[in-house]
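K.L.:
3D model of this:
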Amino acid sequence: MSTLAPTDSATPSPARASLRRVRGLVRANARLVVRNRLTLSYAVVLPLLPLLLVLGGDRGAIGPGAASVITVVMLALLFPVFYNTLSMVVTRRDELVLKRLRTGEVRDGELLVSLAAPGAIIAMLIGVVTIPAALALGVPAPQAPVLYLLTIAVASVTLATLAFWTAAWTRNAEAAQLTSMPVMALLVAGQLAVGFPEEVRRWIAYTPGGAVTDLVRGSWFGLGPDDADPTLDTLGAWAGAGVPLLVLVAWTVLGGWLTARSMRWEPRA
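P.N.:
Numbering: from 1, shown residues only. Down below sits the predicted model:
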């Protein structure tokens, strides 16, 4: 008479267990964002308001449309992704939530992903909603919509890593209003670069904001970095996206390296 050896089929694989933990943490963090009406308003409503600027210009004109869409993307990256992630990390660190979670099965990478995911998801949703909303207001259709959405996805990772690094030297949630300024300047500078001399614009192109601006201009409106009228088709938009995407990847690597060196999981003594 033989007996069957017990199997481990009921035991989830490490990857599946990790995914389950991340999903649970993301759900919990997203619930906190939704419950906070102030956070939800500046994360969802505020980024979409710049589309109203189109109503003040010529319907279908490239200039107002480009300015409005770029501002929407910038605000979606700035508030839901960067500032929301920064404030969540600092608040949960001060409340010892991060320290308690790290004593269990949750790994550091899973914890960071769960903190950044709600803001990144909101930014992607805003990016998707912007397309039909802009079309309804007379803005031309995106030249390369996949590249446009890829821009938001890559930039969300970049801004999340910079948020983690900023949190490392932010003492409390109130101080985040000041410590967030350098990264905000890097993001906003790209949109304001058009008013600077060419020598300055060349350097601003290597900031996260400059890269995002160039990518949105090319992917949606077919505009090159210095173009006032569309000159790029879909293939041209993809061909011109190489350098700006590499800029975002470089900032992501830098932000990840700085985070690994300085991340704090509990309040300072």
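
K.L.:
And the helix ranked longest in the chain, what does it pack against?
P.N.:
Secondary structure of the chain read by DSSP state H shows that its longest helix is helix 108-136. Taking 3 or more Cβ pairs under 8 Å, 6 or more residues apart in numbering; DSSP states H and E as the contact definition, the neighbouring helices and strands of helix 108-136 are helix 14-35, helix 46-48, helix 62-76, helix 84-94, helix 97-102, helix 145-168. Glycine gets a C-beta too; all of them are placed from N, C-alpha and C.

K.L.:
Would you format those as JSON lines with mean pLDDT included?
P.N.:
Formatted as JSON lines, the helices and strands packed on helix 108-136 follow (pLDDT from 0 to 100):
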{"stretch": "helix 14-35", "mean pLDDT": "89"}
{"stretch": "helix 46-48", "mean pLDDT": "87"}
{"stretch": "helix 62-76", "mean pLDDT": "90"}
{"stretch": "helix 84-94", "mean pLDDT": "93"}
{"stretch": "helix 97-102", "mean pLDDT": "90"}
{"stretch": "helix 145-168", "mean pLDDT": "96"}
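
K.L.:
Throw these into JSON lines and include mean neighbour count and distance to residue 125, thanks.
P.N.:
Putting the helices and strands packed on helix 108-136 into JSON lines (neighbours: other Cβ atoms under 10 Å; distance: least, Cβ to Cβ, whole Å) gives the following:
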{"stretch": "helix 14-35", "mean neighbour count": "14", "distance to residue 125": "12"}
{"stretch": "helix 46-48", "mean neighbour count": "19", "distance to residue 125": "10"}
{"stretch": "helix 62-76", "mean neighbour count": "22", "distance to residue 125": "9"}
{"stretch": "helix 84-94", "mean neighbour count": "23", "distance to residue 125": "14"}
{"stretch": "helix 97-102", "mean neighbour count": "16", "distance to residue 125": "26"}
{"stretch": "helix 145-168", "mean neighbour count": "22", "distance to residue 125": "10"}
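
K.L.:
Could you export those as TSV, including distance to residue 54?
P.N.:
TSV is the format used below for the helices and strands packed on helix 108-136 (distance: least, Cβ to Cβ, whole Å):
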stretch	distance to residue 54
helix 14-35	28
helix 46-48	12
helix 62-76	5
helix 84-94	26
helix 97-102	42
helix 145-168	17
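
K.L.:
Where does pLDDT dip in the stretch 151-269 of the chain?
P.N.:
Scanning the stretch 151-269 of the chain for pLDDT under 70 picks out the ranges 269.

K.L.:
ok and the longest helix of the chain relative to helix 84-94, angle-wise?
P.N.:
For the pair helix 108-136 and helix 84-94, the angle between their directions (axes from the mean of the first three to the mean of the last three Cα atoms, to 10 degrees) equals 150 degrees.

K.L.:
Could you give me the buried positions within helix 108-136?
P.N.:
The neighbour-count criterion (16 or more other Cβ atoms under 10 Å) identifies 110-124, 126-127, 129-131, 133-134 as the buried residues of helix 108-136.

K.L.:
Now do the contacts for residue 234.
P.N.:
Residues in contact with residue 234, defined by Cβ atoms under 8 Å, 6 or more residues apart in numbering, are 143-144.

K.L.:
That one and residue 100, how far apart?
P.N.:
The gap separating residue 234 from residue 100 is 49 Å, by Cβ to Cβ, to the nearest Å.
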